[in-house]
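[1] coords please:
(chains A and B)
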Amino acid sequence: MDVSRAHIVLDDADIGRAIRRIAHEIVERARGSEGLILLGIPTRGVLLAQRIADAIAATEGTDVPTGSLDITLYRDDLRLRPARALESTSIPVEGIDGKTVVLVDDVLYSGRTVRAALDALNDLGRPAAVRLAVLIDRGHRELPIRPDFVGKNLPTSFAEQVRVEVAEIDGHDRVTILESPEPPTAEHEGGQRR
Amino acid sequence: MRHLLSAADLTRDEAVLILDTASELATVTDRSVKKLPTLRGRTVVNLFFEDSTRTRISFEVAAKRLSADVINFAAKGSSVSKGESLKDTALTLEAIGADAVIIRHGASGAPHRLAHAGWIGGSVINAGDGTHEHPTQALLDAFTLRRHLTNGEGDLAGVRVTIVGDVLHSRVARSNVLLLQTLGAHTTVVAPPTLLPVGIESWPCDVSYDIDTALTDADAVMMLRVQGERMRAAFFPSANEYSRAYGLNAERLRTMRPGSIVLHPGPMNRGMEISADVADSDRSVIVEQVANGVSIRMAVLYLLLGGNTKGQGS
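    As a prediction, the model looks like this:
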């Protein structure tokens, strides 16, 4: 990555504060942590979901079940590229029926990932409600989808790329905007137009 | 990957990708809606020139779980019984718009011909050709071995597998030996000399005539069906004698390592290559193999048909 043309938007302290605020908002909106399930969208959404659960545990003293929801098989652009490797889907054993499911992703962009996630949820059960938490909302929606909990709204141009890095994978927590986009990669597609 | 014709065509990474994909797809079976929208609008033809229950049903279920349309074509009762050639059958399937053809044929090499003759544009999956290969069976066996012996991850490095029985007529044995080699396992093939194919010494495995020594250090034993329908001559004196010399019974199972498992590709001849008590014992994973077959075939169909299928090399 060419750091000279990258602009750091959030550092690790900012991300920590955003996660804690989102955790508070989720509990406030649900009036407690009862019946909540956090499902992250691989790869970075899963780690963010775990951190939100940790933040809820720290303030509420309750463990919110977390899992991961791979949306590859529900994508609307499967036919545009060679078949992709699947990520892990793991749903808490109690299932999602009647629960309030909070989907967690790193970047909200076109909204197509979230649409695929809603389709995937539909095949897994019938939640009482589905909410959406994202670390970055960069705009440019192509579907009528809006987030319920946002770490930071980040108005961007199409030419820019948003990169979310988390310590577990990238060695540090950081959100950057790159001025000119790099070629799309599988892992960092949150910033790419899909 | 455009076709799946031989287990030998798979690299280690491709084989592990299929196994990993199958592990994820296996969870669909436990869900309330056992269906994924991934192959909506794709047409898959089951082209079976030989009898089969589990392989055909397994492919059919796999394709349907991925929302593909499935056309079952059995040679009996079709124009093939009126003398239609493989080429004309293939041209017909191309004309109706098949995206993939799953073929089982009595002639070794028929899937290869279908894939490379330019008759059809879709993917070809070999579901067993003559005495040649049956790659999805080898993949489901590897998947089953991996679940029990290597924690369900990675390849099969260091695993010792003994394959016993009618290797001469077995496409399962050849595909398994080739795939197990690719995945890093060590294979020993055991059969009477009359049931070993010419050229067995060039296979990447050890060969033995003695089942008892070959079982002692095996992590898994794979019993092959004695294929009476392909036997044109006397290969052993009697079923009784074969069973005594090469059959897996409770006594032989006791000499195997604790935790070792018993596989059989089915259909079984109980009392011939495997005794009923071994087939039903808790060390037998034969029924699980059938369930794993659906997951493996879903993975193969997804990887061949799930993405952009235009402009791929073979």
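
[2] Any chance of the backbone angles for B:Glu94?
    With angles defined as degrees, to the nearest 10, B:Glu94 sits at phi -60, psi -40.

[3] go on, A:Val134?
    Backbone torsions of A:Val134, given as degrees, to the nearest 10, read phi -130, psi 150.

[4] Now do the contacts for it.
    A:104-108, A:147, A:149-151 (Cβ atoms under 8 Å, 6 or more residues apart in numbering or on different chains). For every residue, glycine as well, the C-beta is placed using N, CA and C.

[5] rerun at 6 Å
    Shown in contact with A:Val134 (Cβ atoms under 6 Å, 6 or more residues apart in numbering or on different chains): A:105, A:108, A:147, A:150.

[6] middle-most residue in chain B, spatially?
    Closest residue to the average C-alpha location of chain B: B:Gln137 at 1.5 Å, with Cα atoms, centre = their mean.

[7] The nearest residue to that residue once chain neighbours are set aside and chain A: what is the separation?
    Once flanking residues are discounted, B:Gln137 sits nearest to B:Val172: 5.0 Å by Cβ to Cβ, 6 or more residues apart in numbering or on different chains. According to Cβ to the nearest Cβ, to the nearest Å, B:Val172 and chain A sit 26 Å apart.

[8] Only the buried residues of the one helix or strand B:Val172 maps to, if you could.
    Using DSSP states H and E, B:Val172 maps to helix B:171-182. Using 16 or more other Cβ atoms under 10 Å in any protein chain shown as the test for burial, helix B:171-182 gives B:171-182.

[9] Which of those sits closest to B:Pro193?
    B:Ala173 (15.2 Å; Cβ to Cβ).

[10] what's near enough to touch the closest one?
    B:163, B:167, B:224.

[11] Look at the second one and say how many residues are nearby.
    When counting by other Cβ atoms under 10 Å in any protein chain shown, one arrives at 24 neighbours for B:Val167.

[12] What of A:Thr156?
    Neighbour number of A:Thr156 under other Cβ under 10 Å is 18.

[13] cool, A:Ser90 as well?
    Using other Cβ under 10 Å, A:Ser90 is surrounded by 15 other residues.

[14] so what's it closest to, chain neighbours aside?
    Closest residue in space to A:Ser90, ignoring its immediate chain neighbours: A:Gly67 at 4.8 Å, by Cβ to Cβ, 6+ apart.

[15] May I have the phi/psi pair for the one you found?
    According to degrees, to the nearest 10, A:Gly67 has phi -160, psi -170.

[16] go on, A:Asp76?
    Phi and psi for A:Asp76, reported as degrees, to the nearest 10, are phi -90, psi 0.

[17] dump the residue contacts of it.
    By Cβ under 6 Å, 6+ apart, A:Asp76 lies in contact with A:Arg112.

[18] Roughly how far does it sit from B:Pro37?
    10 Å (Cβ to Cβ, to the nearest Å).

[19] can you tell me which residues contact whichever residue of chain A sits closest to chain B?
    Using Cβ to the nearest Cβ, the closest approach of chain A to chain B is made by A:Ala83 at 3.5 Å. Shown in contact with A:Ala83 (Cβ under 6 Å, 6+ apart): B:303, B:306-307.

[20] among these, which are in strands?
    Assignment to strands by DSSP state E places none of the contacts of A:Ala83 there.

[21] Count the neighbours of the residue of the stretch 151-300 of chain B found nearest chain A for me.
    Nearest residue of the stretch 151-300 of chain B to chain A (Cβ to the nearest Cβ) works out as B:Ala299 at 8.7 Å. B:Ala299 has 29 neighbouring residues, counting by other Cβ under 10 Å.

[22] Contact distance from chain A - what residues of chain B qualify?
    Chain B comes close to chain A at residues B:21, B:24, B:33, B:36, B:38, B:303, B:306-308, as judged by Cβ under 6 Å from any Cβ of the partner chain.

[23] can you map out the strands along the chain?
    In the absence of a named chain, chain A is used. Under the criterion DSSP E, strands of chain A are mapped to A:6-10, A:36-40, A:66-68, A:100-108, A:129-137, A:149-153, A:161-165, A:174-178.

[24] look at chain B instead
    So, for chain B - with DSSP E - the strands run B:43-48, B:69-74, B:100-105, B:123-129, B:160-164, B:186-190, B:206-208, B:220-223, B:261-263.

[25] Measure how buried B:Gly77 is and give me the count.
    By the measure other Cβ under 10 Å, the count of residues near B:Gly77 is 8.

[26] where does it land on pLDDT?
    At B:Gly77, the pLDDT value in this model is 71.

[27] Likewise for B:Ser81?
    73.

[28] Distance check, the nearest residue to it once chain neighbours are set aside against B:Gly122.
    Closest residue in space to B:Ser81, ignoring its immediate chain neighbours: B:Ala75 at 6.7 Å, by Cβ to Cβ, 6+ apart. Distance, B:Ala75 to B:Gly122, using Cβ to Cβ: 19 Å.

[29] check contacts around the closest residue to A:Pro127 other than its chain neighbours.
    Nearest residue to A:Pro127 in three dimensions, chain neighbours excluded: A:Val101, at 4.3 Å (Cβ to Cβ, 6+ apart). Residues counted as contacts of A:Val101 (Cβ under 6 Å, 6+ apart) are A:37, A:39, A:127, A:130.

[30] ok, now B:Ala74?
    The contact partners of B:Ala74, taken as Cβ under 6 Å, 6+ apart, are B:Phe48.

[31] Show me the beta-bridge partners of it.
    Beta-bridge partners recorded for B:Ala74 (DSSP bridges): B:Phe48.
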